[in-house]
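A.B. asks: here is the input, now give the coordinates:
(one chain, ligands or ions: 3)
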Amino acid sequence: MKVNPQYNTNEALLDLYNKPLLELVFEAATVHRQHHDPKEVQMSSLLSIKTGGCPEDCGYCPQAARYHTDVDAHKLMTVESVLEQAKNAKENGSSRLCMGAAWREVRDNKDFDNVIEMVQGVNALDMEVCCTLGMMSEGQAKRLKDAGLFAYNHNLDTSADYYDDVISTREYEDRLNTIDNARKAGISVCSGGIIGMGEAVEDRIGLLMSYMQMETPPESIPINALVAVEGTPMAEQKPIEQWEMIRMVATTRIAFPESVVRLSAGRTKMNMEGQALCFMAGASSIFAGDKLLTTPNPEYNEDMEMFKILGLTPKQAFADGEKPETKEDAIIVARKEKERLREEELAAARLKVKPEGFQPRKVTIVE
Ligand code: SAM
Ligand code: DTB
Ligand code: SF4
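C.D. replies: Ligands and ions are numbered 1, 2, ... in the order given. A predicted model of the protein is given here:
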């Protein structure tokens, strides 16, 4: 049961969200136990492989070039440094690496070729590889899949109705198309939203209804609380109550019994008790490590202490799906072959410039 048909209308979902809190958590915990091991929580590390300078105007985002935030723009990280970070994350218990780029969309260029090599490299480390690179075509999704991508993160963020209040540089439909492209390429879909952006409760329900209406809902649904960053239009938003996070997690868990609900951004503003109720209500994944993409996240040791107290264990990689096979990437093979031929040509040219008839100097050895 991928979606719970009992809650496939706005009214039913809203009633569920507004249930007495402990009733809601109890129902969510019951559903969670029917479909998941309640002791296991996935630890996923985020890595911003290309930071800042984004042309989009997402009102919540510190990486949009047009807002004056403390985030400096950086070009794409090298494949080597990404693999080094991936190894660190794995040593610290993360079974998934999510690589984020502050791009509006994927372009077919050298940067994308490098991302393909990053995906190949991280998959070879036996970690689940996730990317969030903005909009992408079906062909680009296929290349990522063949490189060994496990999941693609592309959030709808909020309801279709509230979307225009948050972002004007793209349409809700664009987001849906990219999700569809990931799906068609056989990639696991990670898509969720942000609460605390000034939206009404109905918009939170509207977001979940968008997933209800999909032929296949996302395998993973991240629930983020807005991280209000100075310089963004949402800097002054009032922080949400922890209860709201618990309600949203619980409602998502009940509506999508088989999906992984991810307790995502906003944990630095929650105490351990609040997070414990989220785990009770069916959250089974967190972002681990002291940084999300650009903003702080709880320290690794703090999370390990929390896991110990709550009796949680990190989930192994590929517990929810087979490890994707990495296939050769024709574009990269062709590029490398071209580079090799060019190198050969240059080497030959270097030999040619040596003066013809060159004779080594005669040396007479005097005994
Ligand atoms: N540029 C790509 C895109 O927008 O799809 C990928 C990176 S973008 C930073 C990934 C997601 O991070 C966004 O869709 C949004 O849901 C989340 N996000 C960004 N800034 C946030 C903030 N301040 N608080 C909470 N979530 C945030
Ligand atoms: C998701 O839903 N949340 C993550 C991940 N997917 C890419 C991103 C949170 C970003 C928070 C703001 C920042 O650190 O820049
Ligand atoms: Fe750019 Fe993504 Fe941030 Fe929007 S959320 S401004 S697309 S990096």
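
A.B. asks: Ile309: how many residues sit nearby?
C.D. replies: 10 (other CB atoms under 10 Å). Heads up, the C-betas are built off the backbone N, CA and C, glycines and all.

A.B. asks: how about the contacts made by it?
C.D. replies: Met272 (CB atoms under 8 Å, 6 or more residues apart in numbering).

A.B. asks: spell out which parts of the stretch 101-250 of the chain neighbour ligand 1.
C.D. replies: 102-103, 132, 134, 154-155, 157, 194, 224, 226-227, 229 (CB under 6 Å from any ligand atom).

A.B. asks: which of those residues fall in strands?
C.D. replies: Members of those lying in strands (criterion: DSSP state E): 132, 194, 224.

A.B. asks: out of the residues you listed, which comes closest to Glu337?
C.D. replies: Thr132 (30.9 Å; CB to CB).

A.B. asks: who does the closest one form a beta bridge with?
C.D. replies: Judged by DSSP bridges, the bridge partners of Thr132 are Gly100.

A.B. asks: name the single longest helix found in this protein.
C.D. replies: helix 330-352 (DSSP state H).

A.B. asks: give me the mean pLDDT for it.
C.D. replies: The pLDDT scores in helix 330-352 average 91.

A.B. asks: so which elements touch it?
C.D. replies: With contacts defined as 3 or more CB pairs under 8 Å, 6 or more residues apart in numbering; DSSP states H and E, helix 330-352 has these neighbours: helix 110-124.

A.B. asks: now do the contacts for the residue nearest to Pro217 when sequence neighbours are not counted.
C.D. replies: Among residues not flanking Pro217 along the chain, Tyr211 sits closest, at 4.7 Å (CB to CB, 6 or more residues apart in numbering). Tyr211 is in contact with 3, 156, 191, 217-218, 221, 255-256, counting by CB under 8 Å, 6+ apart.

A.B. asks: okay, the longest helix of the chain in CSV with CA atoms only?
C.D. replies: Output in CSV follows, covering the C-alpha atoms of helix 330-352 (Å, rounded to 0.1, in the frame of the first residue of the first chain):
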residue,chain,number,x,y,z
ALA,A,330,29.7,6.9,-23.5
ILE,A,331,30.2,10.7,-23.4
ILE,A,332,33.0,10.5,-20.8
VAL,A,333,34.7,7.6,-22.6
ALA,A,334,34.6,9.7,-25.9
ARG,A,335,35.9,12.8,-24.1
LYS,A,336,38.8,10.8,-22.5
GLU,A,337,39.6,9.2,-25.8
LYS,A,338,39.7,12.7,-27.4
GLU,A,339,42.0,13.9,-24.6
ARG,A,340,44.3,10.9,-25.1
LEU,A,341,44.6,11.5,-28.8
ARG,A,342,45.3,15.2,-28.3
GLU,A,343,48.0,14.2,-25.7
GLU,A,344,49.5,11.9,-28.3
GLU,A,345,49.4,14.6,-31.0
LEU,A,346,51.1,17.0,-28.6
ALA,A,347,53.8,14.5,-27.7
ALA,A,348,54.5,13.8,-31.4
ALA,A,349,54.7,17.5,-32.1
ARG,A,350,57.2,18.0,-29.2
LEU,A,351,59.4,15.3,-30.8
LYS,A,352,59.2,16.9,-34.2
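
A.B. asks: before we move on, back to that, now the residues of the stretch 101-250 of the chain next to ligand 1 in a markdown table, with distance to ligand 2 and pLDDT?
C.D. replies: Putting these into a markdown table (distance: CB to the nearest ligand atom, whole Å; pLDDT from 0 to 100) gives the following:
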| residue | distance to ligand 2 | pLDDT |
| --- | --- | --- |
| Ala102 | 9 | 98 |
| Trp103 | 13 | 98 |
| Thr132 | 5 | 98 |
| Gly134 | 11 | 98 |
| His154 | 9 | 98 |
| Asn155 | 5 | 98 |
| Asp157 | 9 | 98 |
| Ile194 | 8 | 98 |
| Asn224 | 5 | 98 |
| Leu226 | 9 | 98 |
| Val227 | 5 | 97 |
| Val229 | 7 | 97 |
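
A.B. asks: what's the offset of the longest helix of the chain from the middle of its chain?
C.D. replies: Taking CA atoms, centre = their mean, to the nearest Å, one finds helix 330-352 lying 36 Å from the centre of the chain it belongs to.

A.B. asks: residue ranges with poor pLDDT in the stretch 251-367 of the chain?
C.D. replies: 354-360, 367 (pLDDT under 70).

A.B. asks: distance of whichever residue of it sits closest to ligand 1 relative to Gly193?
C.D. replies: Proximity of the stretch 251-367 of the chain to ligand 1 (CB to the nearest ligand atom) peaks at Ala265, 3.9 Å away. As judged by CB to CB, to the nearest Å, Ala265 and Gly193 stand 11 Å apart.

A.B. asks: what's near enough to touch Cys130?
C.D. replies: 44, 96-99, 149-153, 190.

A.B. asks: coming back round to it: per-residue confidence for the residue nearest to Pro217?
C.D. replies: 98.

A.B. asks: does it count as helix, strand or coil?
C.D. replies: What DSSP: H, G, I helix; E, B strand; the rest coil gives for Tyr211 is helix.

A.B. asks: same question for Val129.
C.D. replies: strand.

A.B. asks: hmm, it is touching Val119, no?
C.D. replies: Yes - the pair Val129 / Val119 is scored as a contact, 5.2 Å apart, by CB atoms under 8 Å.

A.B. asks: between these two, which contacts overlap?
C.D. replies: 99, 148-149.

A.B. asks: if we can go back for a sec, ok, for the residue of the stretch 251-367 of the chain closest to ligand 1, nearest residue in space, not its chain neighbours?
C.D. replies: With CB to CB, 6+ apart, the residue lying closest to Ala265 is Asn224, at 3.9 Å.
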